Each structure stands twice: as C-alpha cells, then as structure tokens.
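1. Just a sequence and a predicted model for now, questions to come.
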Amino acid sequence: YFGYRADKIEVPTKTNQIARFIPEVPYYAAPPISNMLAGMLPFGSVCIELFFIMSALWLHQLYYIMGFLLAVVAILGATCAQVSCVMCYLQLCVEDHRWWWKSFFNCASAGLYLFLYSIWFLASKLELVGILPVMVYLTYMSMISLAFSLFCGTVGYLSCFWFTRRIYGAVKVD
C-alpha cells in the first residue's frame, strides 16, 4: 500500500539505452575475492563483542553491557557504509556500472565470517555431546548469520545508493 503511494525515485542523470562495455578487472577486484576482502572489515569491527555475546548465549554467562552493544552496532553500520562506498567508488572508477548487487554482497559476506566464527566457537569453546545439540547450535547460528548478512548488506546497499546519487547529482551535464 505505501509502496504505491510513494514518489518514484528520481535519478540525477540521464542514462543511455545502450550499455557500455565493461573492461576486465584484475582477479582481486572480481566479485568472489572482493566480497571476501570487503566482508572482513565489518566482521572485524564486531569480532571481540561477538565473543561476549556468544558466551552469553551458549555458555550461560551474563551479558550486561547493552549500551556498549549499541555503540558496536553503530560502529558496524558505519563500517559497512564506508566499505560499501569505497568498493563502489573503486568499481565505478574502472567503469563498471553494475554496483547494485555488488554493493549488497560486499558487506553481506560478513555473515559468512560470522558463521565460520561460530564453527570455531563450537569446536573450541562448547562441549556439546551428541548430534542434536550440534544441529540446533548450527541452525541457530546460521539464522543469526543470515540476519547479520541482511543487516550488513542492506546498510551497504543503501549507503552506496545514497553515495552514487550524491556523486552523480554533482555532475554538471551540459
């Protein structure tokens, strides 16, 4: 209902109907590697806090620093926004205009690092006996990792969308 009532998104420039040729990028700038490199920074910004949260969840410890958690989430959002804008700028510099999904997956790949961290946490800190507790743990952590990916990817996409509108809005076309 609200989507139909909203105004259409106006783009600041006029686009050509014929897509431009996109030159080849180096191997480290290709999507699988660039996604993994870009996902390290958002995960690294919350890595220490994840240990305390996962200890509170799975080791029955008390988590009492909610104000610090809010600051860490703000740092995570700022890190996702900055990483996404830098990766989008580097992509636009090599004339690759397909930034939409790449901006999402650059930051959403941090969820894969969270899942790998949860497997390390399972192997090193938890002492689960049997297959059922391990499956429950992996199921919950996969859902948490997916939610983390969606949060990071959405922040990355929205910041990249704002960034491209700002830089192309500043271009004067005569």
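-> That came in fine, so what should we check first? As the structure is a prediction and not an experimental result, all values here were calculated from the model.
2. looking at it, residue 84 is touching residue 103, isn't it?
-> Yes. Proximity of residue 84 to residue 103 meets the contact threshold set by C-beta atoms under 8 Å, at 5.1 Å. Yep, even glycine has a C-beta here, placed from its N, CA and C like the rest.
3. Where does residue 71 sit, in terms of helix or strand?
-> Taking DSSP states H and E as the definition, residue 71 sits inside helix 66-93.
4. Can I get the next helix or strand after that helix in CSV? Just the C-alpha atoms.
-> Downstream of helix 66-93, the first helix or strand assigned by DSSP H and E is helix 100-108. What follows is helix 100-108, C-alpha atoms only, in CSV (Å, rounded to 0.1, in the frame of the first residue of the first chain):
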residue,chain,number,x,y,z
TRP,A,100,23.6,-2.7,-7.2
TRP,A,101,24.1,-6.3,-6.1
LYS,A,102,27.9,-6.0,-5.6
SER,A,103,27.3,-3.3,-3.0
PHE,A,104,25.0,-5.6,-1.1
PHE,A,105,27.2,-8.7,-1.3
ASN,A,106,30.4,-6.8,-0.4
CYS,A,107,29.1,-6.2,3.1
ALA,A,108,26.8,-9.2,3.4
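5. In terms of secondary structure, what does helix 100-108 contact?
-> helix 31-58, helix 66-93, helix 131-169 (3 or more C-beta pairs under 8 Å, 6 or more residues apart in numbering; DSSP states H and E).
6. Comparing residue 84 and residue 103, which residue is more hemmed in?
-> residue 84 (30 against 26; other C-beta atoms under 10 Å).
7. circling back: could I get the helices and strands packed on helix 100-108 as JSON lines with mean pLDDT and distance to residue 124?
-> Output for these, formatted as JSON lines (pLDDT from 0 to 100; distance: least, C-beta to C-beta, whole Å):
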{"stretch": "helix 31-58", "mean pLDDT": "93", "distance to residue 124": "11"}
{"stretch": "helix 66-93", "mean pLDDT": "94", "distance to residue 124": "22"}
{"stretch": "helix 131-169", "mean pLDDT": "95", "distance to residue 124": "13"}
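8. out of those helices, which comes closest to residue 13?
-> Counting by C-beta to C-beta, residue 13 lies closest to helix 131-169 out of the helices and strands packed on helix 100-108; the figure is 4.9 Å.
9. Check which residues of the closest one are buried.
-> Using 16 or more other C-beta atoms under 10 Å as the test for burial, helix 131-169 gives 137, 141, 144-145, 148-149, 151-153, 155-157, 159-161, 163-164.
10. Tell me how far that helix lies from the chain's centre.
-> Relative to its chain's centre, helix 131-169 lies at 5 Å (C-alpha atoms, centre = their mean, to the nearest Å).
11. now for that helix, which elements pack on it?
-> Partner elements for helix 131-169 (3+ C-beta pairs under 8 Å, 6+ apart): helix 31-58, helix 66-93, helix 100-108, helix 110-124.
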